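*Asks:* Coordinates only, no sequence provided:
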């Protein structure tokens, strides 16, 4: 088994500042990390919860993946991310199993992490992100 832990749940939001204010007001939590990830077309904020995070994602433009998600489905859960020790090994295993991958090679995500996405058609219509532990 190569999944180590739930890394984060990604939630698409239309207004990152407003969503962060509501998380703070309702749950008393603050983000530990916030940045623009141009390569993914988002501004993200990571809110720590135990050993995992809630990742709020605001699209930088309507034509980005998260922008299209918001247009089609509205705000809500966008993806589930799992922590792995060796991302290349995890991708090789999934490819050998015939799993449809969006990323056959790792790419750089927020905070400089190495990430890869598995297509929602691969399992229960859920976009899965793999995050290599640093």
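*Replies:* Structure's in. What do you need? Quantities reported herein were computed from a predicted structural model and do not represent experimental measurements.
*Asks:* Which residue ranges of the chain form helices?
*Replies:* If DSSP state H is used as the criterion, the helices of the chain fall at 16-27, 65-73, 87-96.
*Asks:* Can you check which of those gets nearest to residue 103?
*Replies:* The closest of these to residue 103 is helix 87-96. By Cβ to Cβ, the value is 7.4 Å. For the C-beta atoms, the positions are set from N, CA and C on the backbone; glycine is no exception.
*Asks:* list the helices and strands the closest one packs on?
*Replies:* Secondary-structure packing of helix 87-96 (3 or more Cβ pairs under 8 Å, 6 or more residues apart in numbering; DSSP states H and E): strand 114-118, strand 128-132.
*Asks:* Buried residues in the last one, which are they?
*Replies:* Spelled out, that is strand 128-132. Taking 16 or more other Cβ atoms under 10 Å as the neighbour-count basis, strand 128-132 is seen to contain the buried residues 128-132.
*Asks:* List the neighbouring strands of that strand plus their orientation.
*Replies:* Listed by DSSP bridges, the sheet partners of strand 128-132 and their directions read strand 76-84 (parallel), strand 114-118 (antiparallel).
*Asks:* Point out the most buried one among the ones you listed.
*Replies:* Mean neighbour counts were compared across the strands paired with strand 128-132 using mean count of other Cβ atoms under 10 Å; the top stretch is strand 114-118, at a mean of 20.
*Asks:* who are the neighbours in contact with the nearest residue to residue 63 once chain neighbours are set aside?
*Replies:* With sequence-adjacent residues excluded and distances taken as Cβ to Cβ, 6 or more residues apart in numbering, residue 63 is closest to residue 41, at 7.9 Å. The neighbourhood of residue 41, defined by Cβ atoms under 8 Å, 6 or more residues apart in numbering, consists of 59-61, 63-67.
*Asks:* related to what we said a few turns ago, could you provide the helices and strands packed on helix 87-96 in CSV, with additional columns for mean pLDDT and distance to residue 72?
*Replies:* Shown next, in CSV, are these (pLDDT from 0 to 100; distance: least, Cβ to Cβ, whole Å):
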stretch, mean pLDDT, distance to residue 72
strand 114-118, 98, 17
strand 128-132, 98, 19
